[in-house]
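**Q** sequence and predicted structure below; questions after.
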Amino acid sequence: MSKAKRQMPGKSGRVGVALGEAVRDSISDEACDPLAEHPDTGSAKSKAGTGGLLEMALTRENMQVAWKRVKANKGAAGVDGLDIEQTAQKVRTLWPLIRQELLAGTYRPSPVRRVMIPKPDGSQRELGIPTVLDRLIQQALLQVLQPLIDPTFSKHSHGFRPGRRAHDAVKAARAYVQSGKRVVVDVDLEKFFDRVNHDILIDRLRKRVDDAAVIRLIRAYLNAGIMAGGVVMERQKGTPQGGPLSPLLANVLLDDVDKELEARGYSFARYADDCNVYVGSMKAGQRVMELLRKLYAKLKLQINEAKSEVGSAFGRKFLGYALWVAKGLEVKCAVAHKALDNFKARIRRLTRRSGGRSMEQVVQRLRPYLLGWKAYFGLAQTPGVWRELDEWLRHRMRAILLKHWRRPQTVYRELKALGATEDVAKRVAVNSRRWWRNSAKLLNSVLTIAYFDQLGLPRLS
């Protein structure tokens, strides 16, 4: 049973998701470098071997780089209610004492603030927001540990690693299928971050990091607990998503499975806790699935049987992508159906006709989402789908304009001002209340693609 104790919650900031870390809020330039004025922050001299890693993490130079990264991420406040600027003031005053506690092993991290993030399917994902101070310390540790640990990971691991990204995993999957391995073992881990066993994780970490002070501090972060509704729940397992160290620790734990698959010569791609293994037959796939059950069980992790499957590589999605066969038997990428559905749902929310926003404001809200979505799904080789999405989006934008104009006289006047012919302006104005049906065909000749280009609406195709 988790133990709980009553604690007053801190003042919280806005919360969202930004690459698994705390959400971004506005900050002041005054919070630029609270560590620069402390001459006793430490020097950049490192000790031989892996000993002295904590001292290396706490050097002035490393801490300054870490602060810039935390500031750039613009994270929301944790349980202490302190934002970036307020934390900078605290660090300016108390950093020598904090550093002394870290080196002495007496520093106690604050609990993370629990935030539930809605998922497109209606469920929720738990995110743990550390305080800005703890994010700073974790980031400083990450900058020292990652160069040491990352080279030991499998080449088949692509998630949250320097110089690697989701596109690399998708390209690897496509290459395996193109080579003839058209059966995929698609494994989904059940509540992975909630089930991470602290003892097993620390054991794997000790094999890579020979520094008792670092191990002790990471153990303290794992045991820090999580606050919800003013109650701090102590955890015996799990690592909350939201801190800079979480992705690295996840890769440390899952590398055991990667190395076993690698030793057996399997073709696979893993991104965080999403792993696909590609084989030549259903029988081979079933053998791999059974092997994975045993490997994950050794780590005290559990496969979600409802979401995991052995099947055709063309019937499953991987990181939002699906595969299909074009002419000449070439395997190509497409956006998976679920990802398309999520895209349309998000666009509908951003382009509600009842929002009362100007067309320029709607475009400003759409731009970052469209550009980010287009960049992520840039591997998709389906130009027809892109064109259809563009047409559908412009159709919605035309309907917004008709709703704004509302009255027939206004519709007629605005269309004439945009260069519509007398006949087109009258015919559209007569049916001005039929916003969706009336926002196609005739209106296309007035509110053209060039019109939306001038507004700054990005094209997908």
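**A** Perfect, thanks for sending it. Numbering: from 1, shown residues only.
**Q** where does Arg348 fall, secondary structure wise?
**A** Secondary structure assignment for Arg348, by DSSP states H and E: helix 337-350.
**Q** hang on, Ser154 packs against Asp255?
**A** Yes. In this structure, Ser154 sits in contact with Asp255. The criterion is Cβ atoms under 8 Å, and the distance is 6.2 Å. Glycine gets a C-beta too; all of them are placed from N, C-alpha and C.
**Q** what packs against the helix holding Arg348?
**A** helix 359-376, helix 383-405 (3 or more Cβ pairs under 8 Å, 6 or more residues apart in numbering; DSSP states H and E).
**Q** tell me, which of those helices is the model least confident about?
**A** When the helices and strands packed on helix 337-350 are compared on average pLDDT, helix 383-405 comes out lowest at a mean of 90.
**Q** where does pLDDT dip in the chain?
**A** 1-33, 35-51, 121, 233, 354-356, 432-440 (pLDDT under 70).
**Q** count of residues packed around the closest residue to Ala166 other than its chain neighbours?
**A** Nearest residue to Ala166, sequence neighbours excluded (Cβ to Cβ, 6 or more residues apart in numbering): Leu319, at 4.9 Å. Taking other Cβ atoms under 10 Å as the criterion, the count of residues near Leu319 is 21.
**Q** endpoints of stretch 414-424, how far apart?
**A** Between the opening and closing residues of stretch 414-424 lies a distance of 12 Å (Cα to Cα, to the nearest Å).
**Q** buried set for it?
**A** Residues of stretch 414-424 classed as buried under the neighbour-count rule (16 or more other Cβ atoms under 10 Å) are 414-416, 420, 424.
**Q** cool, stretch 141-157 as well?
**A** Neighbour-count burial for stretch 141-157, with 16+ other Cβ under 10 Å as criterion, is recorded at 141-146, 149-150, 153-154, 156-157.
**Q** check stretch 107-127 too.
**A** 107, 109-115, 126-127.
**Q** thinking again about what came up before, tell me the most buried of the helices and strands packed on helix 337-350?
**A** Among the helices and strands packed on helix 337-350, ranked by average contacts under mean count of other Cβ atoms under 10 Å, first place goes to helix 383-405 (a mean of 17).
**Q** show the subsequent helix or strand relative to that one.
**A** Reading on from helix 383-405 to the C-terminus, the next helix or strand found by DSSP H and E is helix 408-417.
**Q** contacts for that next one?
**A** Contact with helix 408-417 is made by 401-402, 405, 422, 424-426, 428-430, 432, 446, as judged by Cβ atoms under 8 Å, 6 or more residues apart in numbering.
**Q** next, the contact list for Leu457, please.
**A** Contact analysis of Leu457 by Cβ under 8 Å, 6+ apart lists 363, 366-367, 370, 393-394, 397.
**Q** surely Gln139 is within a helix?
**A** Yes. In this structure, Gln139 lies within a helix as judged by DSSP: H, G, I helix; E, B strand; the rest coil.
**Q** run a quick neighbour tally on Leu58.
**A** The local packing count at Leu58 equals 22, with neighbours defined by other Cβ under 10 Å.
**Q** what's the answer for Leu299, then?
**A** Under the criterion other Cβ under 10 Å, the count of neighbours that Leu299 has is 18.
**Q** which element, helix or strand, includes the closest residue to it other than its chain neighbours?
**A** Closest residue to Leu299 in three dimensions, ignoring its sequence neighbours and counting by Cβ to Cβ, 6+ apart: Ile200, at 5.8 Å. Assessed by DSSP H and E, Ile200 sits inside helix 198-206.
**Q** check Leu97 too.
**A** In this structure, Leu97 sits in helix 84-104 according to DSSP H and E.
**Q** how about that helix: buried residues?
**A** Within helix 84-104, the residues scored as buried using 16+ other Cβ under 10 Å are 84-88, 90-91, 95, 98-99, 102.
**Q** mind giving me the packing neighbours of that helix?
**A** Under the contact criterion of 3+ Cβ pairs under 8 Å, 6+ apart, helix 84-104 touches helix 53-57, helix 132-149.
**Q** sorry, back to before: nearest to Asp134, of the buried residues of helix 84-104?
**A** Nearest to Asp134, judged by Cβ to Cβ, of those is Thr87 at 9.8 Å.
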